[in-house]
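Colleague: pasting the sequence and the predicted coordinates here, then a few questions.
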2 protein chains.
Amino acid sequence: MTQPTQNVPGLYLDDLYVGQKFSSGTYQVTEERIKSFAQEFDPQPFHLDEAAANASVFAGLAASGWHTAAIAMHLLVTGGLPLGNGIIGLGGELVWPRPTRPGDILRVESEIIDIARSRSRPDQAMVKIRSTTTNQKGAPVYIFTGRVLVFNRPQAPA
Amino acid sequence: MTQPTQNVPGLYLDDLYVGQKFSSGTYQVTEERIKSFAQEFDPQPFHLDEAAANASVFAGLAASGWHTAAIAMHLLVTGGLPLGNGIIGLGGELVWPRPTRPGDILRVESEIIDIARSRSRPDQAMVKIRSTTTNQKGAPVYIFTGRVLVFNRPQAPA
């Protein structure tokens, strides 16, 4: 389901710069998983039942926003944001501009917005990254501006 | 696994006020589900493997932050935030102050921070709610300050 659009080695703090951009592979969202995710984590009628969803503010079955967020994380971890130490998120701001629908094909474009090196630990930084998840029409369904902990490249043993 | 600590009927905009507080039931996090959630959505070593997690910045197996977020939503939907129209989130700010661990028992305390009625549609408002998820030691693992769409109580047909 996922095809990373690039295959770069793991990046460290030294490799990053403001304005740097990354692209993920794609992920097709199924109605079955929308409903089973919602059943476990967000059991509200507009995530579970077509008729209820049609009558709701969503005007049709919609994925839980947390399902969309989790799919975006999958896309980042599987090539969309190739950080050598992994993606260690501390927090951030998110918005869901429109619902994710059954059959949607999602992808994530990310951009580094800010890099703040720690004064007390200059081998690490708080990197702010804006990740925009779009559907197959190019319309944003989820934007997460996250703060990620990134380290310098490990030194080879002396 | 979940025991709502209160059983109030669905609340509408007319029922809400700044400073109002809500409490959820509890949810015990299992190692098995931490790993399977991570396998699907956040396949990083510190969410999947004890040895790798011990050697990481997390110093032990940690749940994906998105798993914690999804559990918090479960606790809100199942009694922790009893809104009559459901919990329709538009976005918000989140922070993960510390990891969620296998065996942790989570609960969510919520407080209404702000109510902004729409000028163009005075029957609805954007309600800002801070939801703090704590573990069994009372230590916060996740704080989400979300913007939720809330409507007036539906009028009975004339």
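Modeller: In hand now; what should we look at?

Colleague: alpha carbons only for contacts and neighbour counts from here, please
Modeller: Fine.

Colleague: so stretch A:69-84, near chain B or not?
Modeller: Yes: interface with chain B: stretch A:69-84 contributes A:A69, A:A70, A:I71, A:M73, A:H74, A:V77, A:T78 (CA under 8 Å from any CA of the partner chain).

Colleague: residues near the fourth one, how many?
Modeller: The one in question is A:M73. Residues lying near A:M73 (other CA atoms under 10 Å in any protein chain shown) number 24.

Colleague: just the CA atoms of the helix or strand hosting it, as CSV, please.
Modeller: Assigned by DSSP states H and E, A:M73 belongs to helix A:65-75. Extracted C-alpha coordinates of helix A:65-75, given in CSV (Å, rounded to 0.1, in the frame of the first residue of the first chain):
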residue,chain,number,x,y,z
GLY,A,65,-9.2,12.4,12.9
TRP,A,66,-6.9,10.3,15.1
HIS,A,67,-7.0,7.6,12.4
THR,A,68,-5.9,10.1,9.8
ALA,A,69,-3.2,11.3,12.2
ALA,A,70,-2.0,7.7,12.7
ILE,A,71,-1.9,7.1,9.0
ALA,A,72,0.1,10.2,8.5
MET,A,73,2.6,8.9,11.1
HIS,A,74,2.8,5.6,9.2
LEU,A,75,3.6,7.6,6.0
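
Colleague: the helix or strand that that helix is followed by: partners in the sheet, and parallel or antiparallel?
Modeller: Beyond helix A:65-75 in the direction of the C-terminus, DSSP H and E gives the next helix or strand as strand A:88-95. Here strand A:88-95 is paired, per DSSP bridges, with strand A:140-151 (antiparallel), strand B:88-95 (antiparallel).

Colleague: tilt between the last one and helix B:65-75?
Modeller: Our comparison of strand B:88-95 with helix B:65-75, counting by axes from the mean of the first three to the mean of the last three CA atoms, to 10 degrees, yields an angle of 130 degrees.

Colleague: who's in contact with strand B:88-95?
Modeller: The contact list for strand B:88-95, computed with CA atoms under 8 Å, 6 or more residues apart in numbering or on different chains, reads A:65, A:90-97, B:142-150.

Colleague: PyMOL command for the buried members of those?
Modeller: To isolate the buried ones among the contacts of strand B:88-95 in PyMOL, judged by 16 or more other CA atoms under 10 Å in any protein chain shown, type:
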select buried, (chain A and resi 65+90+91+92+93+94+95+96) or (chain B and resi 142+143+144+145+146+147+148+149+150)
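
Colleague: now, which of the residues of stretch A:69-84 next to chain B sits nearest B:A55?
Modeller: A:V77 (19.1 Å; CA to CA).

Colleague: for A:S131, see how far away A:S36 is.
Modeller: Distance, A:S36 to A:S131, using CA to CA, to the nearest Å: 25 Å.

Colleague: more crowded one of these two?
Modeller: More neighbours surround A:S131 than the other of A:S36 and A:S131, with 26 against 14 (other CA under 10 Å).
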